[in-house]
Every structure is written in C-alpha cells, then in structure tokens.
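1. predicted model and sequence follow; I will ask about them next.
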Amino acid sequence: MRQRHQISMPRIGVPMIYAVATLVCGIVFPRLEFHYLGNYRHGMTVAVATAAFSAVASGMLALTAIVFSLAFIMVQFSSSAYSPRLVLWLSRDPFIWHALGIFMATFLFAIVALGWVDRNGSGQVPFFSTWVVILLLIASVLVLARLVQRLTMLQVTEVLYFISQKGQQVVGATYPPLAGIGPTRSDHDQSPKPPPAVPPVTQTITHTGAPLAIAAYDVPALVSLATQVGGVIVLSYAVGDMVLEGDTLLSVTDGQCALPEAALRRAVQLQRERTFEQDPKYALRLLVDIAIKALSPAINDPTTAVQALDHIEDLLRRLASRRLDVGQVQDGDGTLRLIFPTPTWGDFLMLAFDEIRFCGATSLQVMRRLRTALFDLARLAPQDKRELVQRYIAHLDTTVKAAITDPEDQREALERDRQGLGLSRQPPLR
C-alpha cells in the first residue's frame, strides 16, 4: 500500500481563486489598456457595448444559479436512487467547481469592463477588454455544454462504471499480482499474523475526538518510523474501519525509544467518510448497496442488480489474481516492521455476494447471474481461492431451494445466465 500525500483545498476555494484572479486582472488590465493602448478602438457604440456587457453579466449570474440548482437536484435524486455515499464523490468532481469559477470570472470581468466603457466621457469602447469578455463568454458556453454532458454520469450505467474504475485502480495499487512471487498461501493463511513471540508494547497512540474513518495508511512512513526505533508498529484497525474515542490507533512494540506522536498520527489518515484509497472493499460496498437497493420492494429493479453483479464479478476476478496477504511489511533488510489487518478472500466473497443472495433469493434473474459469476470465479481463480468459491456455490443452491418452492422455478434458478434471463447455459455445471 502506498499513501499519496495531497494538499487538499476546500472545493469552494477553486471558484474563489478564479474570482480573485479576475478582480486583479480587472483592476490592472483595463488601466494599462486605457493608458497605453487607447488607440485601439472597438467598432461597437457605447450604447451597444453597455447593453452587451450588462446582458452578459446578468445572464451569467442567472445561468450559474439555474445550472447548479439543476445539478444539485439531480445529484440528490441520484443519491436516493443509488447510494447517498455517492453524493460526496459526485460533488467533488473538480470540473463542477472549475465551471463555477469560469462563470464567476465571466460575470465579474463583464462588470469591470462595463466601468471602462466611455471612460471619462471619451466615447470609446475598450478593444481588448471587449474581446476578453467575448472569449470568456464563449468559454462559459463550452463549459456549460460539457457540464450538461457530465451530468449523464448520473445514469446508472455511468455510476456503476465510475465505481468499478475506482475499484480497479485501488486493487492494482494495493495488491501485488500473484505471478512471479512464488507459491501462494491458502486463504486461511492470508490474514496478518503477529510475530511468533509477542514483544512488549512500548508506546500506544489512542484516538481522541469525533468518530472518524481510517482513509489510508502511510506505509513507507510507518516502516521508516519503526526502523528508527528498531521495533514493530501494529495497527489495530483496517482501512475503512471507524475509530471512536479511546480506540487504540496503533501501538509500537519492542521500541528502543518513543517516537514523535505527531509523526505517528500523520501516518494514519482519518476522514469523516470512507474513501476508495487503499480500500477495494468500499467499491464493492457501493456496488452491493446499489444492487440491494434495486432489489428492494419499493424499486424492484433486478436488471440493475444484474448490472452491478457484472462489475462485482470483474473486481473479484482482479482480486483473485492478486496476493491479498499484504498486512505484514518488512524493511529493506527483511525485518518485520509493520502489521495491519487486511481482508481475506472469504471476506471479499461475503461482502460481494451475501446481501445480494439474501435480498435476491426469489429473483430468477439475480440467482442465475450470481450463479454464473461464481462458476466463472471457480474456473478462473487460483486453487487456493477456488475451494471457497465452490463452497459458496453449494450455499447458493441451498438458498435457492429454500426460497423457491416450485420445482420448475428451482430448475430455472439453478441455471447459469450472464444476462440473468435471456441466454441460459445448459446443462448447468455441478
């Protein structure tokens, strides 16, 4: 796992930078133009320029309010249709805030340029300032078109692809591939294990304050700190866990001296909500949330659940080809320096399928697609992961037979169909 250090700016800071930069340019540029480039004149009359600049300024203000009102309404609507946790990620799209900045820049510069029309009764319309307003207006129109296109991301297909891409990125960054690392351990051995002899705890860091989620660990920094004192840092909670007042964030064992508490706390990134960084479980969690919400009696949309299963299966295939036992990290000399909890293959299977299996037990479409995903995983997964998948297939058969009493429906539910309903593969493999 690698931590990416980023200096984050409040989202409202982006349009504020545009506004400040526009005001500075509005103070400096028209003055320079008036004093040094006064010979350049625009062909518009003063009355036309005044009307045009006023229309641009007032129109941009109204346009900004309308566009962003619609955008936030659509985001809120989508949160109720998919998952409220997606609102945070959709609202963090930097393009939205840059678009707001361009709209504000157009509005402000049009107001400033209006003040230089017929300056001191000269009867002149500033040439370059007029073209700046025109170019900003064109940029605003292009950004508006792009923003409307961007809102199509709120369609269920685009939302699923967005989550899936985030999951793919974090799987690739978090877990090394199986190829070229020697024999793999069984699934039961993938959870991090403490050293054979547990050394004494020499330092403990406790969480204080409001409940926060562990967003990421700065693994290189933690390994470096543990190496400095010749000990082992043991993290008590996994990425994605919520820590409460009094919980032990980490402990240092067998350390020769105390480490700076501030440095240790900086290495554990805490946020109010879970993030995709270092946490492939979160992508699976969101996909499952969308699937089970679609299967609720109020919505009753099994096709959306099948679409979510397509992306869930893709993430599980990627996880099956990766080494999951990354919770014990050594330094350059091969000495164990860091231990933290990581999910096992069984944890991923349970997270991905259990709730969908339970909520969609009576849906032929969902059971057939779920069965197809499991058989494909059993075919493609390494031997050490295949046994759990086969056990889950047997569990799925039990669920189908308990939830569906009609023999004919049972037979249909026990077939495999990548589309859910529409193209069965017969006979079903056993």
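-> Perfect, I can see it now. Residues are numbered from 1 along each chain as shown.
2. so Thr202, which state does it fall into?
-> strand (DSSP: H, G, I helix; E, B strand; the rest coil).
3. would you confirm that it contacts Asp254?
-> Yes: look at Thr202 against Asp254 with C-beta atoms under 8 Å: they come within range, at 6.6 Å. (Glycine included, C-beta is placed from N, CA and C.)
4. okay, and the common contacts of those two?
-> Residues within reach of Thr202 and of Asp254 at once, by C-beta atoms under 8 Å, 6 or more residues apart in numbering, are Gly231.
5. after the lowest-mean-pLDDT helix or strand in the chain comes which helix or strand?
-> In the chain, no helix or strand scores lower on mean pLDDT, DSSP states H and E than helix 85-91, which sits at a mean of 64. The C-terminal neighbour of helix 85-91 among helices and strands, as given by DSSP states H and E, is helix 94-114.
6. buried residues in that next one?
-> Buried positions in helix 94-114, judged by neighbour count with 16 or more other C-beta atoms under 10 Å: 96-114.
7. again with stretch 145-162
-> For stretch 145-162, by 16+ other C-beta under 10 Å, it's Leu147, Arg150, Leu151, Met153, Leu154, Val156, Val159, Leu160, Phe162.
8. what do you get for stretch 45-64?
-> Neighbour counts over stretch 45-64 (16+ other C-beta under 10 Å) mark Ala49, Ala52, Phe53, Val56, Ala57, Met60, Leu61, Leu63, Thr64 as buried.
9. in CSV: the residues you listed, plus distance to Arg386, pLDDT and secondary structure.
-> What follows is the buried residues of stretch 45-64, written out as CSV (distance: C-beta to C-beta, whole Å; pLDDT from 0 to 100; DSSP: H, G, I helix; E, B strand; the rest coil):
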residue, distance to Arg386, pLDDT, secondary structure
Ala49, 74, 84, helix
Ala52, 70, 89, helix
Phe53, 70, 87, helix
Val56, 65, 90, helix
Ala57, 66, 88, helix
Met60, 60, 87, helix
Leu61, 62, 82, helix
Leu63, 57, 81, helix
Thr64, 56, 81, helix
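10. nearest spatial neighbour of Ala105, chain-adjacent residues omitted?
-> Thr22 (4.3 Å; C-beta to C-beta, 6 or more residues apart in numbering).
11. surely that neighbour touches Ile102?
-> No: counting by C-beta under 8 Å, Ile102 is not a contact partner of Thr22; they are 9.7 Å apart.
12. quick one: low-confidence parts of the protein?
-> The chain contains residues with pLDDT under 70 at 1-11, 38-43, 70-71, 74-75, 77-81, 83-92, 120-122, 152-153, 179-198, 425-430.
13. span of stretch 243-262 from start to end?
-> Stretch 243-262 has its terminal residues 18 Å apart, counting by C-alpha to C-alpha, to the nearest Å.
14. okay, buried residues for that stretch please.
-> Buried residues in stretch 243-262, counted by 16+ other C-beta under 10 Å: Val243, Leu249, Leu250, Ser251, Val252, Thr253, Asp254, Gly255, Leu259.
15. tell me how far Trp331 lies from Thr342.
-> For residue 331 the amino acid is Asp, not Trp. Taking C-beta to C-beta, to the nearest Å as the measure, Asp331 falls 19 Å from Thr342.
16. who has more neighbours out of those two?
-> Higher neighbour count among Asp331 and Thr342: Thr342, with 20 against 13, using other C-beta atoms under 10 Å.
17. pull the number of nearby residues for the closest residue to the more buried one other than its chain neighbours.
-> Spatial nearest neighbour of Thr342, excluding adjacent residues (C-beta to C-beta, 6+ apart): Gly327 at 3.9 Å. Gly327 has 19 neighbours, counted by other C-beta under 10 Å.
18. tell me where the stretch 201-350 of the chain has strands.
-> Applying DSSP state E, counting those that start in this stretch to the stretch 201-350 of the chain gives strands spanning 201-206, 212-217, 232-235, 242-243, 248-253, 268-271, 328-330, 336-339.
19. and the contacts of the fourth one?
-> In this case it means strand 242-243. Contact partners of strand 242-243, identified using C-beta under 8 Å, 6+ apart, comprise His207, Pro211, Leu212, Ala213, Ile214, Tyr237, Leu249, Leu270.
20. now the spatially most central residue of the chain: how far from Asp241?
-> Nearest to the geometric centre of the chain sits Phe276, at 4.7 Å (C-alpha atoms, centre = their mean). According to C-beta to C-beta, Phe276 stands 15 Å off from Asp241.
21. what do you get for Ser129?
-> 56 Å.
22. higher neighbour count, these two?
-> Using other C-beta under 10 Å, the more surrounded residue of Ser129 and Asp241 is Ser129, with 27 against 16.
23. for that one, which non-adjacent residue is spatially closest?
-> Ala113 (4.3 Å).
24. how many other residues sit next to Ile356?
-> 26.
25. now it: which helix or strand?
-> Assigned by DSSP H and E, Ile356 falls in helix 345-359.
26. hey, C-alpha coordinates of that helix in CSV?
-> The C-alpha trace of helix 345-359 is given here as CSV (Å, rounded to 0.1, in the frame of the first residue of the first chain):
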residue,chain,number,x,y,z
TRP,A,345,-10.6,-13.8,0.0
GLY,A,346,-13.5,-15.1,2.1
ASP,A,347,-14.2,-11.6,3.4
PHE,A,348,-14.4,-10.3,-0.2
LEU,A,349,-16.8,-13.1,-1.2
MET,A,350,-19.0,-12.5,1.7
LEU,A,351,-19.1,-8.7,1.1
ALA,A,352,-19.8,-9.1,-2.6
PHE,A,353,-22.5,-11.8,-2.6
ASP,A,354,-24.1,-12.4,0.8
GLU,A,355,-26.5,-9.4,0.9
ILE,A,356,-27.4,-9.8,-2.8
ARG,A,357,-28.0,-13.5,-2.3
PHE,A,358,-30.3,-12.8,0.6
CYS,A,359,-32.2,-9.9,-1.0
